[in-house]
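Peer 1: okay, here's the prediction I keep looking at, along with the sequence it came from:
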Amino acid sequence: MEFAVVALLIALALVFDYINGFHDAANSIATVVSTRVLSPGKAVIWAAAFNFIAFFIFGTAVAKTVGAGLIDLRVVTFGVIFAGLAGAITWDLITWHFGLPTSSSHALIGGYAGAAIAKAGWGAIIASGWAKTLLFIVLSPAIGLAAGLALMVAVYWVCQGLTPSRIDHWFRKLQLVSAALLSVNHGANDAQKTMGIMAGVLAAAGYLDKAQFAIPTWVVLSAYTAISLGTLSGGWRIIHTTGSRITKLEPVHGFAAQTGAAGAVFLATALGVPVSTTHAITGAIVGVGSTRRLSAVRWGVAGRIVWAWVFTIPAAAAVAAGVSLLLRVFGIW
């Protein structure tokens, strides 16, 4: 019976990972599609391939933070994990329906935290693990914005004197590189969050040493596969918002935004912080749009996105806490 429950929760975690892929596909491909460098079909194939390539490059520092650095493992049960995943999946589907580029990462950790708090109170939270995560909610869009803006200024300086057609020609090629960089970093950071949850399931069942918390290779491989397949399916509602509703983009802007966001996510991944790729790319797009003029950014759209960011963790936590309560009422887990 226990094995069946473990298999069910692992499958549910991979469902979330798949949803994460199509919900966050816009992070990697929205700019490259809106600038017409790649067709939508080719863009998702490009992004999905580089999502998976991250398997060969990155370790599991983020997975360990999510699995053992945010919630006290002593309170983690099958019910906590199920409720946490339910909260994250619910919020992801709601925001996808409305085309809002919110963070699947923060939905996951919010759901996980809400379920743990509902079971054991605020003592279930590991404050030191949350400090870096909450800090990067502010830092990742800020770094993306600053990097995108700085890259655009540098490009304007380097390319002065070149014709617009020549600039467009070169940055159409370079945008393929920047899209690949962002896709690799997106796969690395986001897939590792699901790995952390899957490892938490194995630890709760006694199949994984809680002290060592070493992530098995099959967990790593399956998480990268699921997020890549999700990206391959595309999240077209959110792609429209990110790629064209915030500001108008040309290939040079897309290159600067993607490269700036990739740098922000890479820094967080290296530090083992579960960061939002969505926050990073949105901040970078605002940054490159601002280099033309402030009115080039649709601040009303950006404001609605920021409000959705603010509500992501508490909303996912509230749903997860409600599911946790229902499980206890019906005597399940």
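Peer 2: Thanks, I have it.
Peer 1: use CA for all of it now, contacts and neighbours both
Peer 2: Fine.
Peer 1: any low-confidence regions in the stretch 1-150 of the chain?
Peer 2: 1 (pLDDT under 70).
Peer 1: where along it do the helices fall?
Peer 2: Ranges of helices within the stretch 1-150 of the chain are 2-23, 25-34, 40-53, 61-64, 78-97, 104-120, 127-158, based on DSSP state H, counting those that start in this stretch.
Peer 1: who wins for proximity to residue 327 among the ones you listed?
Peer 2: helix 78-97 (7.1 Å; CA to CA).
Peer 1: need the contact list for residue 276.
Peer 2: 103-106, 137, 140, 265 (CA atoms under 8 Å, 6 or more residues apart in numbering).
Peer 1: how does it look with 6 Å?
Peer 2: 103, 105 (CA atoms under 6 Å, 6 or more residues apart in numbering).
Peer 1: distance of it relative to residue 152?
Peer 2: Look at residue 276 and residue 152: by CA to CA, to the nearest Å, they are 22 Å apart.
Peer 1: now the top helix by length along the chain, how far from the centre of its chain.
Peer 2: Secondary structure assigned by DSSP state H gives helix 164-204 as the longest helix of the chain. Put simply, helix 164-204 sits 9 Å off its chain's centre (CA atoms, centre = their mean, to the nearest Å).
Peer 1: give me the angle between that helix and helix 25-34.
Peer 2: 170 degrees (axes from the mean of the first three to the mean of the last three CA atoms, to 10 degrees).
Peer 1: right, and residue 80 touches residue 113 too?
Peer 2: No: between residue 80 and residue 113 there is no contact under CA atoms under 6 Å: 8.8 Å.
Peer 1: show me which of these two is the more surrounded one.
Peer 2: For residue 80 and residue 113, the more surrounded residue by other CA atoms under 10 Å is residue 113, and the numbers stand at 31 against 28.
Peer 1: grab the nearest non-local neighbour of that one.
Peer 2: Excluding its sequence neighbours, the residue lying closest to residue 113 (CA to CA, 6 or more residues apart in numbering) is residue 317, at 6.3 Å.
Peer 1: which helix or which strand is home to that neighbour?
Peer 2: helix 299-329 (DSSP states H and E).
Peer 1: I'd like the average pLDDT over that helix.
Peer 2: For helix 299-329, mean pLDDT rounds to 86.
Peer 1: could you do stretch 188-206 as well?
Peer 2: Rounded mean pLDDT across stretch 188-206 is 93.
Peer 1: what comes into contact with that stretch?
Peer 2: 10, 54, 62-64, 66-67, 77, 208, 210, 223-224, 269.
Peer 1: name the SS class of the residue lying farthest from the centre of the chain, please.
Peer 2: In the chain, residue 161 marks the outermost C-alpha relative to the chain mean, sitting 38.5 Å out by CA atoms, centre = their mean. When classified by DSSP: H, G, I helix; E, B strand; the rest coil, residue 161 comes out as coil.
Peer 1: wait, what's in contact with it?
Peer 2: Contacts of residue 161 by CA under 6 Å, 6+ apart: none found.
Peer 1: just to revisit the earlier point, how far is the helix holding residue 317 from where the chain is centred?
Peer 2: 15 Å.
Peer 1: and it, what does it pack against?
Peer 2: helix 78-97, helix 104-120 (3 or more CA pairs under 6 Å, 6 or more residues apart in numbering; DSSP states H and E).
Peer 1: among those helices, which is the most enclosed?
Peer 2: helix 104-120 (a mean of 27; mean count of other CA atoms under 10 Å).
Peer 1: please put the alpha-carbon coordinates of that one into PDB.
Peer 2: The C-alpha trace of helix 104-120 is given here as PDB (Å, rounded to 0.1, in the frame of the first residue of the first chain):
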ATOM      1  CA  SER A 104       5.600  28.100 -10.600                       C
ATOM      2  CA  SER A 105       8.500  27.900  -8.200                       C
ATOM      3  CA  HIS A 106       6.900  30.100  -5.700                       C
ATOM      4  CA  ALA A 107       3.600  28.300  -6.100                       C
ATOM      5  CA  LEU A 108       5.300  25.100  -5.200                       C
ATOM      6  CA  ILE A 109       7.200  26.300  -2.200                       C
ATOM      7  CA  GLY A 110       4.100  28.300  -1.100                       C
ATOM      8  CA  GLY A 111       1.900  25.200  -1.300                       C
ATOM      9  CA  TYR A 112       4.500  23.100   0.500                       C
ATOM     10  CA  ALA A 113       4.800  25.600   3.300                       C
ATOM     11  CA  GLY A 114       1.000  26.100   3.600                       C
ATOM     12  CA  ALA A 115       0.500  22.300   4.000                       C
ATOM     13  CA  ALA A 116       3.300  22.000   6.500                       C
ATOM     14  CA  ILE A 117       2.000  25.000   8.600                       C
ATOM     15  CA  ALA A 118      -1.500  23.600   8.600                       C
ATOM     16  CA  LYS A 119      -0.200  20.300  10.000                       C
ATOM     17  CA  ALA A 120       2.400  21.500  12.500                       C
END
